[in-house]
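J.: sequence and predicted structure below; questions after.
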Amino acid sequence: MDINNSVALVTGANRGLGRAFAQRLLERGARKVYATARRPETVDLPGVEVLALDVTDPDSVRAAAAAASDVSLLVNNAGIQTGTDLVTGSMDGVRLELETNLLGPLGLIRELAPTLARNGGGAIVNVLSAMSWFGVNGANTYHLTKAAAWAMTNGVRLELAEQGTLVTAVHLGLADTDMSSGWPVAKLAPSDLADAALDGVQAGSAEVLADQWSRDVKARLPLAPEEFNAEMGRALSTLSAA
């Protein structure tokens, strides 16, 4: 798929990675960019078409999809991390992360899949995480939702292949956003993440590993669980001490 002259819809486009996606899409020649946010007044990027969208509200999802009937590229970026653990954390926190990080993107895909088919197939980008593959105490619900979103992405890719829709999973470690502000370590610039993802779309890639951290984590997946967890513990300790 060619980014030039595409029509994109980006979720969570008021800040961080979503804003970077919207900006780089414009700079790379997208004909139109729908920049969506739960509070549309917080979108401050010139040149975009702003839409209200709360991905946890099915009526809001349907309204945004109906307004964007010319979309050829969907970027599912909106997400949250509440710091909720699975056993001792609040079930409300678990449900909110699932609604935002898994069911919201899936709802948008379901609503926009016919639109993408009518517009030639197009592409979907799901912004995932290296935490699709590992948990950590204090963020195990986030791990759950990103692992489920990875599985959802793989399933959707199979279901939409016949209509010619590319589905690209984007994994990263830490990007320099509000969500990662508590980690005083080197982070990926949001614009670099957006470029890596869009390069992947143009190349027809099903998966983008946007940084060395995500590549290293995925390379460990063949290990036995005990060895994997031990290696991840050491890696996280090194990261925290850096």
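T.: That came through fine.
J.: send the alpha carbons of the strand or helix carrying residue 169 over as PDB?
T.: According to DSSP states H and E, residue 169 maps onto strand 166-171. Only the C-alpha atoms of strand 166-171 are listed here, as PDB (Å, rounded to 0.1, in the frame of the first residue of the first chain):
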ATOM      1  CA  LEU A 166      -2.900  -5.700   4.900                       C
ATOM      2  CA  VAL A 167      -2.900  -6.100   8.700                       C
ATOM      3  CA  THR A 168       0.400  -5.000  10.300                       C
ATOM      4  CA  ALA A 169       1.300  -5.600  14.000                       C
ATOM      5  CA  VAL A 170       3.700  -3.000  15.400                       C
ATOM      6  CA  HIS A 171       5.800  -4.000  18.500                       C
END
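J.: list the buried ones in the helix or strand that comes right after it?
T.: Using DSSP H and E, the next helix or strand after strand 166-171 towards the C-terminus is helix 190-203. Residues of helix 190-203 classed as buried: 190, 191, 192, 193, 194, 195, 196, 197, 198, 200, 201, 202 (neighbour count, 16 or more other CB atoms under 10 Å). In this view, the C-beta of every residue, glycine as well, is placed from N, C-alpha and C.
J.: any weak-confidence spans in the protein?
T.: Applying pLDDT under 70 to the chain flags the ranges 175-187, 239-242.
J.: got the residue ranges for the helices in it?
T.: Assigned by DSSP state H, the helices in the chain fall at 16-27, 58-67, 91-98, 104-118, 140-160, 190-203, 212-219, 225-241.
J.: dump those helices to a markdown table, plus distance to residue 130.
T.: Formatted as a markdown table, those follow (distance: least, CB to CB, whole Å):
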| stretch | distance to residue 130 |
| --- | --- |
| helix 16-27 | 14 |
| helix 58-67 | 27 |
| helix 91-98 | 17 |
| helix 104-118 | 18 |
| helix 140-160 | 9 |
| helix 190-203 | 12 |
| helix 212-219 | 4 |
| helix 225-241 | 10 |
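J.: tell me which of those helices sits most buried.
T.: helix 16-27 (a mean of 23; mean count of other CB atoms under 10 Å).
J.: nearest to residue 2, out of the helices of the chain?
T.: In terms of CB to CB, the element of these nearest to residue 2 is helix 190-203, at 6.6 Å.
J.: ok, and what's touching the closest one?
T.: If you take CB atoms under 8 Å, 6 or more residues apart in numbering as the criterion, helix 190-203 is touched by 1-3, 16-17, 19-21, 23-25, 28, 73, 75, 123, 125, 127, 166, 168, 170, 172, 175-177, 207-208, 210-211.
J.: distance from the chain centre to it, please.
T.: Relative to its chain's centre, helix 190-203 lies at 12 Å (CA atoms, centre = their mean, to the nearest Å).
J.: can I get that helix in CSV, CA atoms only?
T.: Extracted in CSV, the C-alpha atoms of helix 190-203 (Å, rounded to 0.1, in the frame of the first residue of the first chain):
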residue,chain,number,x,y,z
PRO,A,190,7.4,8.8,18.4
SER,A,191,8.2,10.0,14.9
ASP,A,192,10.7,7.2,14.4
LEU,A,193,8.0,4.7,15.5
ALA,A,194,5.5,6.1,13.1
ASP,A,195,8.0,6.0,10.3
ALA,A,196,9.0,2.4,11.0
ALA,A,197,5.3,1.4,11.0
LEU,A,198,4.5,3.3,7.8
ASP,A,199,7.6,1.9,6.1
GLY,A,200,6.3,-1.6,7.1
VAL,A,201,2.9,-0.8,5.5
GLN,A,202,4.5,0.4,2.3
ALA,A,203,6.6,-2.8,2.2
